[in-house]
Structure formats: C-alpha cells, structure tokens
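**Q** No letters, just coordinates:
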C-alpha cells in the first residue's frame, strides 16, 4: 500500500512538473554594433513584458548578435539546439533576420522578426511559413513618402541607402511607387553602415539637383549622409525611413535633422494621435511603461517592435497551450498556427490581422508621417 501511494505521489509530481513547463523564448538583438541604437530599446523592452502567459511561466533568453549576421545565425542555432526554445524573436536588422530563416524553418520553430524588409515574410513559401514580423513593410512606408512628396510638388528625387538588404529593399520598393507617381529618381547611391564618410556620394547627388533626397538607412548611421548634405549646402527636402525613429538618431544628427520627414509607426507620436485612433490606447500603454523605466522621451519605434512581438505571443500562446505542452514539437507547430490566426489585435504599431498569406498583418493604420521640429517628433496632419 505504501508503495502504491508513493507511485501515485510521484506520478502527480511528474504531471505537475510537466504542466508547469516554461514557454521558452529565444531573443537575439543587435545590442552592440552599428544597429545598437535599434537593439538596445528592444532589449530594454523585454524587461517590461509579463513573466507568465495564461498561467504558464515564460522564460526569456536574450543574446546579443552585435549587428552581425553570422552571430545572429549562431544565436538562432543555440536557441534551437541547446535552449530548445518554443519561439525565436529577432533579429533587429534585416540581413540578420533573413539569414535566420533557414534555422527557424529547419527546426520547425516559429520566428518573429523585428526587422523591416518585406522579403522576411514574402513571398510565402515552405520556409517562410514559420516566420512572422512586426515592423511595417518597406512598401507601406514607401507609399507614405511618395504621397507626401506628391503633395509637396516633388518631381525629382535622389536616393542614398545602405549597401545591404535594408538599403536594397528600400531602393526597390521606392522605385516602384515613385514611378507610379511620376517622380523621377535622378541619382542612386549606396554606403555601408560602418562608413565614416559619404562625401563622394553626396557630391554626385547634389550635382543631380533633386527636389528631395531619400536616405534608406537605419539607426545612427543614417545621420551620416544627412549631415553631409547639410554641410555641402543642400537646400531641398530630406526624407528618412522609419529606421531612424529613435532619440539616438536625433542626438547624433542634431540640428541637421530639422525639417526632416519620415514615415513611422504611430507609437512614436502616440500622445498626438486623434482620440479615435484604434492604436492610441495600446501605443500609450507601451510608451507609459517604457518611459517609467527609462525616462521621458526615451521611447522608440524599435522597442515597440519588440513589445508587439510579445503581444503576438500573448495572443497565440493560450491557443497553442490547449493543444500541446511547451518544449514539444507539437507546441511549436500549434504556436505557429495560432500566430497565423491572430485577428484584430491592436498593438503599439497598428492592428494585427494575420493570415496564411500575410505574416505581418498590418494595414495603413500602422503608419503616420512625422516631421522633426525643434528636436522633437511632430505628427504631420
């Protein structure tokens, strides 16, 4: 009888332990390197997320990929082979995220990228069915810029962007929308994230005499061509992408940023949004929590991408938990399916409506036009 009671006790203990298995999340961010101004607020944001979902403990493992594609892939492999994660979140930048797709797909582990390139989730295929992302597509933001250019009578534009997947993606997307609006691209230049001078490229741009310049960069490195343009006396309009929407960019670019236009997620100007904007409440929730921890004005759109990634997990995990236990291939598959089924979820950057063919799920509610004015972000109405 004693042996029988002991066996029952052991079985109950085992069942309790199995039921309490953690949901393990592997996060790789660019907390150092050229993209650090993007990755640091993302890393900071994960300190603000809940520690449980639907009563299940969440274990978040964070690694720094140093803005390096090879390191990001190593981190992803560590997550699936050693940490046995249920989901990968990352990386911060597009080249790293694109390189991580193979790891996630091979391990059949859902991945939520915090990088912008549309190619991360499009075209949908056997590998990308495991991949989701939270930043707005370049195409959405390119459209916002071209609309603003048209309203401001811009007929010619020069482009200078990163010599990587981010810069190339923006060049491709913007070329399409510019052509549709009969905006002529008169110069097309590239620079590296680690460059210290773009004088040659800027002189070519100025000689083309464009009405406006679009800089396809992200983080503080995107300030380099803008400062060079101002130094050389360029007087036309300057546009940046949503890749610069943080305080570090404003700090590095300084007075040379004044008057710059860019598309951004609504979280950047949450308090300025109309009361009936469906994103305002959820965006302000994130802003309030982040600034309580890091000070007024510290919030950025990049931390918002991390917040939205966790919001997706919060919405999908309870559905997956009804089908399988964390730490199993069945749970990872169920979590992938649940992420794909997220509908009408308001977050810091927009409203998610995922589908089997759309693993971003944002519409035009996920973008606003912003101007740098007086060293601050101002909503363009």
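**A** That came through fine. Small disclaimer: the values here were computed from a predicted structure and weren't measured.

**Q** All the helices of this structure, residue numbers only.
**A** Listed in chain order, the helices of the chain (DSSP state H) span 2-19, 36-45, 69-78, 94-107, 138-151, 165-180, 199-207, 223-231, 247-253, 280-294, 301-321, 329-340.

**Q** Which among the ones you listed is found nearest to residue 86?
**A** For residue 86, the closest of those is helix 329-340, at 5.7 Å, according to C-beta to C-beta. Using the backbone N, CA and C atoms, a C-beta is placed for each residue, glycine as well.

**Q** which outside residues touch the closest one?
**A** 86-87, 108-110, 112, 129-130, 132, 312-313, 315-317, 319-321, 323-325, 354-356, 359 (C-beta atoms under 8 Å, 6 or more residues apart in numbering).

**Q** Next up, the contacts around the closest residue to residue 321 other than its chain neighbours.
**A** Leaving aside its chain neighbours, residue 321 sits nearest to residue 54 (5.7 Å; criterion: C-beta to C-beta, 6 or more residues apart in numbering). By C-beta under 8 Å, 6+ apart, the residues touching residue 54 are 317-318, 321.

**Q** Now that we have those, which of them are buried?
**A** Buried residues within these, counting neighbours by 16 or more other C-beta atoms under 10 Å: 317, 321.

**Q** Tell me the one among the contacts of residue 54 nearest to residue 211.
**A** residue 317 (48.9 Å).

**Q** how close does the closest one get to residue 57?
**A** 11 Å (C-beta to C-beta, to the nearest Å).

**Q** Now the common contact residues for the two.
**A** Overlap between the neighbourhoods of residue 317 and residue 57 consists of residue 23, taking contacts as C-beta under 8 Å, 6+ apart.

**Q** Can you check which of the helices of the chain gets nearest to residue 61?
**A** From these, taking C-beta to C-beta, the stretch that ends up closest is helix 69-78, at 8.8 Å.

**Q** what packs against that closest one?
**A** strand 23-29, strand 56-64, strand 87-90, helix 94-107 (3 or more C-beta pairs under 8 Å, 6 or more residues apart in numbering; DSSP states H and E).

**Q** what's the angle from that helix to strand 23-29?
**A** Angle, helix 69-78 to strand 23-29, by axes from the mean of the first three to the mean of the last three C-alpha atoms, to 10 degrees: 170 degrees.

**Q** Report the distance from helix 69-78 to the chain centre.
**A** 18 Å (C-alpha atoms, centre = their mean, to the nearest Å).

**Q** And the average pLDDT for that helix is what?
**A** Within the predicted structure, the mean pLDDT of helix 69-78 is 98.

**Q** Domain boundaries for the protein, per the record?
**A** Per automatic domain parsing, the domain ranges recorded for the chain read 2-136+288-366, 140-264.

**Q** which of those has the lowest average pLDDT?
**A** domain 2-136+288-366 (a mean of 92).

**Q** tell me how far it is from the chain's mean position?
**A** 12 Å.

**Q** Apart from its chain neighbours, what residue comes closest to residue 124?
**A** Among residues not flanking residue 124 along the chain, residue 357 sits closest, at 5.5 Å (C-beta to C-beta, 6+ apart).

**Q** returning to what we had before: in JSON lines, list the contacts of residue 54 along with distance to residue 151.
**A** Converted to JSON lines, the contacts of residue 54 look like this (distance: C-beta to C-beta, whole Å):
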{"residue": "317", "distance to residue 151": "43"}
{"residue": "318", "distance to residue 151": "44"}
{"residue": "321", "distance to residue 151": "48"}
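
**Q** for the contacts of residue 54, which one is nearest residue 262?
**A** Closest approach between these and residue 262, by C-beta to C-beta: residue 317, at 33.7 Å.

**Q** who's in contact with that closest one?
**A** 23, 53-54, 56, 335, 338.

**Q** now do residue 114
**A** 29, 42, 89-92, 97, 133-135, 302, 305-306, 309.

**Q** Likewise for residue 108?
**A** 130, 329, 332-333, 336.

**Q** Please identify which pair of those residues lies farthest apart.
**A** Using C-beta to C-beta, these span at most 12.2 Å, a distance reached by 130 and 329.

**Q** Which one of these two is surrounded by more residues?
**A** The neighbour comparison of residue 130 against residue 329 (other C-beta atoms under 10 Å) goes to residue 130, with 23 against 12.

**Q** Can you give me the distance of residue 235 to residue 347?
**A** On the measure of C-beta to C-beta, residue 235 and residue 347 end up 39 Å apart.

**Q** Same drill for those two, tell me which one is more crowded.
**A** residue 347 (28 against 8).
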